[in-house]
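S.K.: Kindly return the folded structure for what I paste below:
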Amino acid sequence: MLGFAWVFGLAVTAAQTVAAADHHKAKIGVNPVTTGVVIRGVTLAGPVGAPGTPTGKTCDFSGEPVDPSGRMEGASVNCRPNGNLANTLLGLPARFNAYCMIQAPVKSARLIQASRPDNANHCDLSGITPKDATGQFRGAVWR
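M.R.: Numbers count the residues shown, from 1 in each chain. Predicted structure coming up:
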């Protein structure tokens, strides 16, 4: 009987440790980002202009998956709390030759950190319609 109690106690302790680790991991992605810049990368065809100059294009969110209410479920952007252009642009994939940038918070949206192995500044933008997101991010500039 004592052996059973010991094994049971060990199993409970292991389960609590795993649950605590999962809770800690979940907390990383639940705090909204409300400060700093938010960057949406875009790949444009044709000759690339001078860095920082307008491209004449917008960062379009119309291809993003949406829920039944028409709100995005997690569009990719770059962000970091209190981030600026220089430190938030880091990690944006090289395939993007232009980007749109706004200041957080994004109106009517949820913006959470969702880092990836190749991009520590990756974030998910959700809860907003693609049309509203496109309107807020407006014109792209060359990278």
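
S.K.: quick one: pLDDT of the spatially most central residue of the chain?
M.R.: When CA atoms, centre = their mean is applied to the chain, the residue found nearest the centroid is C123 (1.2 Å). Looking at C123, its pLDDT is 98.

S.K.: try T17
M.R.: For T17, pLDDT reads 42.

S.K.: if we can go back for a sec, right, and the residue nearest to the centre of the chain touches P81 too?
M.R.: No: taking CB atoms under 8 Å as the definition, C123 is not a contact partner of P81, at 10.2 Å. C-betas here are computed from N, CA, C, even on glycine.

S.K.: Give the residues shared as contacts by these two.
M.R.: The contact sets of C123 and P81 overlap at V33, Q113 (CB atoms under 8 Å, 6 or more residues apart in numbering).

S.K.: on that earlier part again, which secondary structure state does the residue nearest to the centre of the chain sit in?
M.R.: For C123, the secondary structure call by DSSP: H, G, I helix; E, B strand; the rest coil comes out as strand.

S.K.: Not counting residues beside it along the chain, what's closest to it?
M.R.: C79 (4.1 Å; CB to CB, 6 or more residues apart in numbering).

S.K.: Return the distance of that neighbour relative to R40.
M.R.: Computed as CB to CB, to the nearest Å, the C79 to R40 distance reads 10 Å.

S.K.: Could you list the low-pLDDT ranges of this protein?
M.R.: Residues of the chain that meet the criterion pLDDT under 70 lie in 1-29.

S.K.: mind listing the strands for it?
M.R.: Along the chain, counting by DSSP state E, strands occupy 37-42, 54-58, 75-79, 98-103, 110-113, 122-126, 139-142.

S.K.: Could I get these in TSV, plus columns for distance to L85?
M.R.: Formatted as TSV, the strands of the chain follow (distance: least, CB to CB, whole Å):
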stretch	distance to L85
strand 37-42	6
strand 54-58	15
strand 75-79	10
strand 98-103	7
strand 110-113	17
strand 122-126	15
strand 139-142	10
